[in-house]
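Peer 1: After the sequence you'll find the predicted model.
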Amino acid sequence: GEATMRVATMLLAFAIAAVVMPVARAACLTNPDVEAVFFGLAGNVPLPVDGSCCMKDICGLPCPAAHPDPASGFAIGIGIMVLIFCGIGIAAFYFVGGKAENFFVAGRSLPLYVVVLTLASQSIDSNALLGNADLSYKFHFFDGAVLPIGLGLSLILNGIFFAHHINNELVLTLPDVYAKRYGMATEIVVSLCTCVSFTCLLAGNLVGMGAIVGYVFGISDVGAVFISGFICLAYVASGGLFSVAYTDVVQSAVGMIGCLAVAGWLIGNADKEAPPPSIGFPNAANASAVSGMYMYPDAATAALYDGVPCTTNTENMCYNQQLHCPDGGTTCTADNGAYPFGDQRIFDDQMTNPYALTPFPNALFWDWATIFILGFGNLAALDFQARCMAARSPTDARIGCILGGCLTFIIGIPFSYLGAITRYYYGPDSIYAEFEADTCSPLLDLPTCAMWKPDPKAFIKMLTTVPPAFLGGWGLLGIVAASMSTSDGAILALGTVFSHNIMRHVAPFSEEKLLMFARISTVPFALIAMLVASFYQSAHPAGATGYLLIVAFDIVLAGCIVPLFACFYVKNPSPTAGLLSVVGGTAMRVILEFSLPKDGFLLLPFGKDEFLDYGVPASPDFPSFFDENPSTYWDKSSCTQKRFKDYTGVDSLASPIFSLLVFVVVHLWDKKRDAPLIGGRYMVPYDKKVGDETAVAGKA
């Protein structure tokens, strides 16, 4: 019995060791042979060593520094202003007076200045600001700038093609326009598409607002998303478009000026407009050495930092350790060597050259696709068109759109310049930098720690530390105001369309009940958007705010835009053509979503090495910019990489083209036959009279 127990105990110990040791030994690198080398260098202590991190134990890079918590004044200031916004919105309850037309389109009474500001507020949301700055920081200038460019372009296009027509229609919602041309079936399908679209738009803005609220109040992003959603829901359900429009005016006045002020200050006063060439790092193993470990890539960079001849590779220039790292290495001016030649605020050829960002890939095609998606997809934006309906005149609607688009450019594009500034303070050469140890890249000459992991809260953190506290807080408030102004408009649009264009067909009801259903309908859509936003938090690899914005208008671009143009620019458009173009374009988008190759990186498979993904380390040796014996440099061919292959954007462009083809073919077929391809009462155009208990059939 005792022997059996001893054997059992030994077997149990071996079993535990077999399970635990590989986990401990593979904590930093997936390749056990490479990990074993660093395991030995650490004194046979499991990695990462207690109090250390993988990027230090594997790559010799300092662990990310802890960031100070934001001052309490940021939370107090933002909290007070949010309460003021809510108070204004709830007070608008008394302007509605039980009338649906007041709730949905503010009695068609909005003056030009309100139209301009409320349209700009819908366009300048947390996507155009925070999402823009985040993408410009993580990637580069135009990866963020395409958001305000696309949004502003959509307003200008709307002013040119649709705003005056929409205002003349005297309808409550955009799907009403489709009903007047194509009938009930198309109205319902378009309503469903726009509801899904605006749920994504709302979620994207709740992500942005939640990120700021969560950070300054010290609560989880998920909790902040739900708090933000309920705040917006409270005053929208009360006063409808009166609430939205007049809070938009206040939010615009506070937010736009604040955003411009903080952007202007950072552009003019930041220490650097973009990360400069790396200064390098010392020889950590020899604090008294004259030269450091980092070798400069050229003479100009060496001269910039007073480089000295290297110790091993004497023909090259290295980090001046005695100058930049005196006192035995206790106070060093150093970085991670991430920018051998420095970064730039903007690369002029980023939108024309796929290799403009060498050694990194450039999402050239996706950036152009984003402009197209937002520029044209946003023409079916429920909130934009609701403000055109609410304008006092067609001329005000048209001018308001064009001026609102220009304001979007003026406010949004400067935020793209802040991406490079954020990279200086929180990028790969900053004290807060974090790298994935288990990555390699021959093009970057990095056998390990090749992939930088951007901080999803970097831009928010910068606003709480770099500019004066008042300006930083004003900028954060501006983003919160922008997010609220779009979120409230999206909530209103969802409740309006669902109650007016879907529920009324299920069970016809009076105008008084329409208001009740609209207010009730805002709740489930807001909750769904909160759930989506809680999944796509600011740390989500898909890009969070900016990603959901593009998804929102990709949905309606596929099938809703072609028949919208036909409403006003085709004489007596075929109802069958309208329905089939919506269904066909949307179906094509769904099919292509799942049939095209997509790896999630939004990069076409261009042929050069810039478009290879990071590999898994297979070498424990040194990069060739270390002042070591060349025989110890790593073999770059050991890093096996896969080529990026993502055709996202092709589906977004192909679907509306297919929708157009379907519309043209079916419309001409119907006219030639002088009979509809699909008949029935659901295909009869009708005008839904405001205030009637039922939809009144009849041609527009």
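Peer 2: Okay, I see it.
Peer 1: who are the neighbours in contact with D627?
Peer 2: Taking Cβ atoms under 8 Å, 6 or more residues apart in numbering, we find D627 in contact with 283, 291-295, 310-313, 316, 318. Heads up, the C-betas are built off the backbone N, CA and C, glycines and all.
Peer 1: go on, F198?
Peer 2: 382-383, 490, 493-494, 525, 552.
Peer 1: Return the closest of the contacts of D627 with respect to P276.
Peer 2: Y294 (14.4 Å; Cβ to Cβ).
Peer 1: what's that closest one sitting at in phi/psi?
Peer 2: phi -80, psi 130 (degrees, to the nearest 10).
Peer 1: May I have the beta-bridge partners of it?
Peer 2: In this entry, Y294 is beta-bridged to F626, by DSSP bridges.
Peer 1: low-scoring stretches of the stretch 551-700 of the chain, by residue?
Peer 2: Residue ranges of the stretch 551-700 of the chain with pLDDT under 70: 689-700.
Peer 1: Strands of the protein, residue ranges please.
Peer 2: All strands of the chain, identified by DSSP state E, fall at 291-295, 308-309, 317-320, 435-436, 451-452, 686-687, 696-697.
Peer 1: Could you list the low-pLDDT ranges of the stretch 1-150 of the chain?
Peer 2: Scanning the stretch 1-150 of the chain for pLDDT under 70 picks out the ranges 1-26, 89-107.
Peer 1: coming back round to it: so for A558, which of the strands of the chain sits nearest?
Peer 2: Across the strands of the chain, A558 has its closest neighbour in strand 686-687 (25.3 Å, Cβ to Cβ).
Peer 1: Off-centre distance for that closest one?
Peer 2: Put simply, strand 686-687 sits 39 Å off its chain's centre (Cα atoms, centre = their mean, to the nearest Å).
Peer 1: That strand pairs with which strands, parallel or anti?
Peer 2: Note on strand 686-687: by DSSP bridges, its sheet partners are strand 696-697 (antiparallel).
Peer 1: picking up where we left off before, kindly write the PyMOL command that selects the buried subset of the contacts of D627.
Peer 2: Of the contacts of D627, the buried ones can be selected in PyMOL as follows, counting by 16 or more other Cβ atoms under 10 Å:
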select buried, resi 283+291+292+293+294+295+310+311+313+316+318
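Peer 1: about what we covered before: so which of the strands of the chain gets nearest F415?
Peer 2: strand 451-452 (21.3 Å).
Peer 1: Can you pull out the residues in contact with the closest one?
Peer 2: So strand 451-452 is contacted by 338, 427-428, 433-436, 439, 441, 614 (Cβ under 8 Å, 6+ apart).
Peer 1: Show me which pair in the contacts of D627 is furthest apart.
Peer 2: For the contacts of D627, the farthest-apart pair by Cβ to Cβ is N283 and N316; their separation is 14.3 Å.
Peer 1: need the contact list for the residue nearest to V146 when sequence neighbours are not counted.
Peer 2: Distance criterion Cβ to Cβ, 6 or more residues apart in numbering; nearest residue to V146, sequence neighbours excluded, is T370 at 4.4 Å. T370 makes contact with 146-147, 150, 550, 649, according to Cβ under 8 Å, 6+ apart.
Peer 1: Compute the number of surrounding residues for the closest residue to A145 other than its chain neighbours.
Peer 2: Of all residues not flanking A145 in the chain, S416 sits nearest, at 3.8 Å (Cβ to Cβ, 6+ apart). Residues lying near S416 (other Cβ atoms under 10 Å) number 27.
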